[in-house]
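In: Got a sequence here, can you model it:
(chains A, B, C and D)
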There are 2 protein chains.
Amino acid sequence: MDIKRKDFIISDTPALCQACESRHRGVCGALSSDQLLQLSRHSHRRVVPPGTELVGESTRINSYSNIISGVVKLSKMMADGRQQIVGLQFAPDFLGRPFRKENGVSAEAATEVTICTFPRTVIERMIGEMPELEHQLLEQTLNELDEARNWMLTLGRKTAAEKVASFLLLIATHAFPENERDSVEFELPMSRMDIADFLGLTMETVSRQLTKLRGEGIIRITSNRHVEVPDISRLSDRAGF
Amino acid sequence: MDIKRKDFIISDTPALCQACESRHRGVCGALSSDQLLQLSRHSHRRVVPPGTELVGESTRINSYSNIISGVVKLSKMMADGRQQIVGLQFAPDFLGRPFRKENGVSAEAATEVTICTFPRTVIERMIGEMPELEHQLLEQTLNELDEARNWMLTLGRKTAAEKVASFLLLIATHAFPENERDSVEFELPMSRMDIADFLGLTMETVSRQLTKLRGEGIIRITSNRHVEVPDISRLSDRAGF
DNA sequence: CGACGCCTTGAACGATGTCAACGTGCGTGG
DNA sequence: CCACGCACGTTGACATCGTTCAAGGCGTCG
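Out: Predicted coordinates:
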């Protein structure tokens, strides 16, 4: 069946939502067409450049968003400026902490990011009315918890070499979720400094480890951001698995 | 009103649950007396010694528990034996990962632990019937996520001295949740080796940093496990705040 | 008393951080 | 178009922190 034709038939789905990944994999997957419509009346899309602060570390939360495209980094900072990135979010993740006034992390666009934003009150009302939506949030939160704990192992117990390999692997798997192949190439969504802040290292150490992996033929770096991995299993070995 | 008398009036609350902290602060707080009764028919209490494995890293989950007393450590291990503790759980935390077949972490009793265990099927059915219970789980999961991300900052960016101070502070605040005083004393719930695995350090480094804090008069260590903190704010300074 | 588990202490080593110089790509303004 | 400055990344030399390896202390239990 022609896709356009099908979209015409279910035309009560808001136009904006029709092409949106969140409608299937994200939290919006829990909503009916009617509910999507209701929500979409209060939502608006934004495209923001890299570096934009989306949520401050101790600002009140008055809106939530779905990530439509791009990468968002969640980070914490110490008084003296030391910084740690505590998570990356990709489409179609839900951005924001339901039922929390403060969230304790700041969210910043790592790449150019497209988000779909709704006011806090609307979401919280809908959660109250729809157990399924809350279930969806619990699922995502559990996933984030798993990822956080995996990363704790990386931060606490892996060497610099293993950390950098782990990072490349993380990006590779997010760039190609269902990948079966052994060779991939992708763009790094962030700078060397950001990678360092994610891995608990310095920029210099990250750079040296990348150079080492390049020297060993495990990766190729064409531009600063573009990485090719001819054999993922060799990279995986370096990550400590 | 006399407490015993009050308990008598709501005597449809199962006897085991009456004195249980989970009934108020934990997930059971979401349940009515009837539901508690229903759940308690399928639950049983266990007291296990330190070191008991409660959940294996890749074992299927067939039961859930509430922690009644004691401390449970959640950890991950690499193939070569390197280990990282990724979280500590205290009463009245809920132990187990709803809707996950595997959980990716192993849970082990750090101290002597009392738990109240229910079969998976019962819990999952009750969650389906009671949105409030799922909400309770979401709240706890969000709390665990916050703690995990805080600890990521500790693992990635703090010095050994700051890590050890942070750990002592964590235990102190859990031992005295609503504490306003500036002086506390408590028992460490785990060995130097465990502390090292929690902080991403070696046992030796932990020991040296404790000795240093003792030398500076910030803590006193009477037995190996017993710690006194005369002035919490001084300890807090050392934790990097 | 001796053996054992747990912890502390010391000395040497090594991985990662620090500091500084240099390279590279890119946009801007002459 | 070139020269320049700037942001970002790489590389080198050296310093430092935390690990490693080894010895010894301390309390507990046989």
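
In: And the residue nearest to the spatial centre of chain A, its phi and psi?
Out: In chain A, the residue lying closest to the centroid (C-alpha atoms, centre = their mean) is residue A:89, at 1.5 Å. Comment: the main-chain dihedrals of residue A:89 come out as phi -120, psi 140, following degrees, to the nearest 10.

In: was I right about it contacting residue A:71?
Out: Yes. When contacts are counted by C-beta atoms under 8 Å, residue A:89 is listed as touching residue A:71 (7.2 Å). Backbone N, C-alpha and C define where each C-beta goes, glycine included.

In: does DNA strand C sit close to the longest helix along chain A?
Out: The helix of greatest length in chain A, counted in residues with DSSP state H as the criterion, is given as helix A:131-157. No. Under the criterion of C-beta under 7 Å from any atom of the strand, helix A:131-157 makes no contact with DNA strand C; the nearest approach is 10.3 Å.

In: Poorly predicted segments of chain A, please.
Out: A:1-12 (pLDDT under 70).

In: Could you chop it up by domain?
Out: Chain A breaks down into these structural domains: A:3-149, A:158-238 (assignment by automatic domain parsing).

In: Pretty sure residue A:221 is one of the things residue A:229 touches, is it not?
Out: No. Under the criterion of C-beta under 8 Å, residue A:229 lies out of contact with residue A:221, with a separation of 10.6 Å.

In: Show me which of the two is the more surrounded one.
Out: For residue A:229 and residue A:221, the more surrounded residue by other C-beta atoms under 10 Å in any protein chain shown is residue A:229, and the numbers stand at 22 against 14.

In: Show me the helices in chain A, by range?
Out: Secondary structure of chain A (DSSP H): helices located at A:3-9, A:15-18, A:33-40, A:120-129, A:131-157, A:160-175, A:192-199, A:203-215, A:232-238.

In: anything in stretch A:154-166 near DNA strand D?
Out: No. When contact is scored as C-beta under 7 Å from any atom of the strand, no part of stretch A:154-166 falls within range of DNA strand D; the minimum is 8.9 Å.

In: And that stretch, how far out from the chain middle?
Out: 20 Å (C-alpha atoms, centre = their mean, to the nearest Å).

In: List the buried residues for that stretch?
Out: Counting neighbours by 16 or more other C-beta atoms under 10 Å in any protein chain shown, one finds that the buried residues in stretch A:154-166 are A:154-158, A:160-166.

In: how about those in a markdown table, adding distance to chain B?
Out: Listed next are these as a markdown table, based on distance: C-beta to the nearest C-beta, whole Å:
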| residue | distance to chain B |
| --- | --- |
| A:154 | 9 |
| A:155 | 4 |
| A:156 | 3 |
| A:157 | 5 |
| A:158 | 8 |
| A:160 | 12 |
| A:161 | 14 |
| A:162 | 9 |
| A:163 | 10 |
| A:164 | 14 |
| A:165 | 13 |
| A:166 | 11 |
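
In: what would the residues you listed look like in TSV with distance to residue A:116?
Out: Formatted as TSV, the buried residues of stretch A:154-166 follow (distance: C-beta to C-beta, whole Å):
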residue	distance to residue A:116
A:154	31
A:155	32
A:156	36
A:157	38
A:158	36
A:160	38
A:161	39
A:162	37
A:163	33
A:164	33
A:165	34
A:166	31
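
In: Which of the residues you listed sits closest to DNA strand C?
Out: For these, the minimum distance to DNA strand C (C-beta to the nearest atom of the strand) is 3.6 Å, reached by residue A:160.

In: So the closest one sits against residue A:205, correct?
Out: Yes. The pair formed by residue A:160 and residue A:205 meets the contact definition of C-beta under 8 Å, at 5.1 Å.

In: Kindly provide the distance from residue A:142 to residue B:142.
Out: When C-beta to C-beta, to the nearest Å is applied, the distance between residue A:142 and residue B:142 equals 10 Å.

In: Likewise for residue A:180?
Out: According to C-beta to C-beta, residue A:180 and residue B:142 sit 34 Å apart.

In: quick revisit: relative to residue B:125, which of the helices of chain A is closest?
Out: Within the helices of chain A, the stretch nearest residue B:125 is helix A:131-157; the backing value is 14.1 Å (C-beta to C-beta).

In: And the closest one, what does it pack against?
Out: Of the remaining helices and strands, those touching helix A:131-157 by 3 or more C-beta pairs under 8 Å, 6 or more residues apart in numbering or on different chains; DSSP states H and E are strand A:83-90, helix A:120-129, helix A:160-175, strand B:71-77, strand B:83-90, helix B:131-157.

In: Distance to residue B:196 added to the ones you listed, as a markdown table?
Out: Formatted as a markdown table, the entries for the helices and strands packed on helix A:131-157 read as follows, by distance: least, C-beta to C-beta, whole Å:
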| stretch | distance to residue B:196 |
| --- | --- |
| strand A:83-90 | 20 |
| helix A:120-129 | 41 |
| helix A:160-175 | 19 |
| strand B:71-77 | 12 |
| strand B:83-90 | 9 |
| helix B:131-157 | 12 |
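
In: Which one of the ones you listed lies nearest to residue A:30?
Out: helix A:120-129 (9.4 Å).

In: Determine the angle, from 0 to 180 degrees, between the closest one and helix A:131-157.
Out: In this structure, helix A:120-129 runs at an angle of 110 degrees to helix A:131-157, with axes from the mean of the first three to the mean of the last three C-alpha atoms, to 10 degrees as the basis.

In: So which bits of helix A:120-129 are buried?
Out: A:122-123, A:126-127.

In: Equivalent analysis for stretch A:63-74, please.
Out: Judged by neighbour count (16+ other C-beta under 10 Å), stretch A:63-74 contains these buried residues: A:63-68, A:70-74.
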